[in-house]
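Have a look at this prediction, sequence included:
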Amino acid sequence: MLKAVNLTKTYGKHEALRQLNLSVDKGEIFCLLGQNGAGKTTTINLFLGLIEATSGEALVDGIAVQPNNNKTTQMIAYIPEVVQLYGNLSGVENLNFFSRLAGYKYDHTTLTDFLSKAGLQENAFHNKLSSYSKGMRQKVGIAIALAKNADYIFMDEPISGLDPKATLEFTKICRELSAEGKAIFMATHDIFNAVNVGTKIGIMKEGELVHTSDTKGINATELQDLYLKTI
Ligand SMILES: Nc1ncnc2c1ncn2[C@@H]1O[C@H](COP(=O)(O)OP(=O)(O)OP(=O)(O)O)[C@@H](O)[C@H]1O
């Protein structure tokens with residue numbers, strides 16, 4: 001389980017995140033909405049251990065995240081908005097490189113299995129990354145997360161810039177990962193996607209989580225109304 005307990009981050013006098021309390025279970029897809037600057041990336045960075053909390057705790061399976069703590073970073077994978085990969089290497093080579101960085105050595109068949117599972121078409125496996133579209137890069141990012149064997153996957157704006165078909169494929173993969181028991185924590189501006197793929201949604205305003213609910217029984221229009229009333 002991911003858990004934030006009174007998690008707070010201040011920059012000087014500015015509270016980027018104030019007393020955040022939330023939990024995300026394995027199998028859940030938590031979609032965090034909020035305007036620019038609301039504190040979504042700050043929350044993700046605190047769980048990734050990229051920044052230090054001013055007070056409170058981020059916990060992964062009960063272990064407190066601390067900057068440069070390998071225990072929690074091993075359990076987490078991160079897919080940024082733009083997946084940074086080596087343009088001169090192929091999809092398989094990138095996956096091999098990043099898997100080794102995470103301490104995993106896979107044979108060629110296993111690497112290609114991860115890419116297939118992430119939805120990348122087979123004829124692209126050996127092409128250079130520089131020829132990949134944004135959606136294809138994202139699939140390699142997902143394959144890296146799969147290869148890392150992480151139970152918790154953080155995503156920051158994962159569908160921004162994807163076309164409708166790529167978005168649909170991405171949604172399908174998220175659902176499959178959640179059905180396998182992975183927890184997904186996604187920061188997004190896309191209300192339709194949040195209600196479509198999320199099992200829970202949160203709305204953040206000026207560093208505070210001001211609303212959380214299940215997505216069951218709520219449609220995109222209702223969520224949009226709620227969002228506009230809340231922020
Ligand atoms: N390193 C930093 N130094 C000072 N202020 C920062 C720093 N990082 C973030 N902030 C501030 O913290 C607040 C929250 O930023 P954050 O990036 O978490 O927002 P966000 O919800 O992810 O926004 P967006 O949707 O634009 O990505 C903002 O006011 C931002 O300016």
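Looks like it arrived, so ask away.

Please list all residues in contact with A194.
Neighbouring residues of A194 by Cβ atoms under 8 Å, 6 or more residues apart in numbering: 31, 33, 186, 188, 201, 215, 223. (Glycine included, C-beta is placed from N, CA and C.)

Tell me the secondary structure at the residue lying closest to the third one once chain neighbours are set aside.
The shortest distance from M186 to any residue other than its chain neighbours is 4.4 Å, reached at M155 (Cβ to Cβ, 6 or more residues apart in numbering). Three-state call for M155 (DSSP: H, G, I helix; E, B strand; the rest coil): strand.

Name the residues of the helix or strand of the chain with the lowest mean pLDDT that are buried.
Lowest on mean pLDDT, DSSP states H and E among the helices and strands of the chain sits helix 70-75, with a mean of 86. By neighbour count with 16 or more other Cβ atoms under 10 Å, helix 70-75 contains the buried residues 72-73, 75.

one step back: so which of the contacts of A194 sit within strands?
31, 33, 186, 201 (DSSP state E).

thought the second one was touching K200?
No - using Cβ atoms under 8 Å as the test, L33 is too far from K200 to be in contact (11.3 Å).

between the two, who's got more neighbours?
Comparing L33 with K200 by neighbour count (other Cβ atoms under 10 Å), the higher total belongs to L33, at 27 against 20.

tell me the secondary structure for the nearest residue to the more buried one once chain neighbours are set aside?
Among residues not flanking L33 along the chain, I203 sits closest, at 5.0 Å (Cβ to Cβ, 6+ apart). Per three-state DSSP, the secondary structure class of I203 is strand.

Report the beta-bridge partner residues of I203.
L33, H211 (DSSP bridges).

Next, work out how far apart it and E157 are.
Using Cβ to Cβ, to the nearest Å, I203 is found at 16 Å from E157.

Which one of the buried residues of helix 70-75 is nearest to G27?
Closest approach to G27 among the buried residues of helix 70-75 (Cβ to Cβ): M75, at 15.1 Å.

List the contacts of that closest one.
60-61, 150-152.

Which strand or helix spans N196?
Assigned by DSSP states H and E, N196 belongs to helix 191-197.

Same question for that helix: list its buried residues.
191, 193-197.

what does the chain have sitting close to the ligand?
Proximity of the chain to the ligand, by Cβ under 6 Å from any ligand atom, involves residues 11, 14, 16, 34, 36-42.

so which two of those are the farthest from each other?
Y11 and G34 (17.1 Å).

higher neighbour count, those two?
G34 (25 against 11).

surely the more buried one meets K40?
Yes - contact criterion Cβ under 8 Å: G34 and K40 qualify, at 5.4 Å.

Show me the strands in the chain, by range?
2-11, 14-24, 29-34, 55-60, 63-64, 76-79, 152-156, 183-187, 200-205, 208-214.

pLDDT averaged over the fifth one - what is it?
It refers to strand 63-64. In this model, strand 63-64 carries a mean pLDDT of 95.

Off-centre distance for it?
19 Å (Cα atoms, centre = their mean, to the nearest Å).

Okay then, goodbye and thanks.
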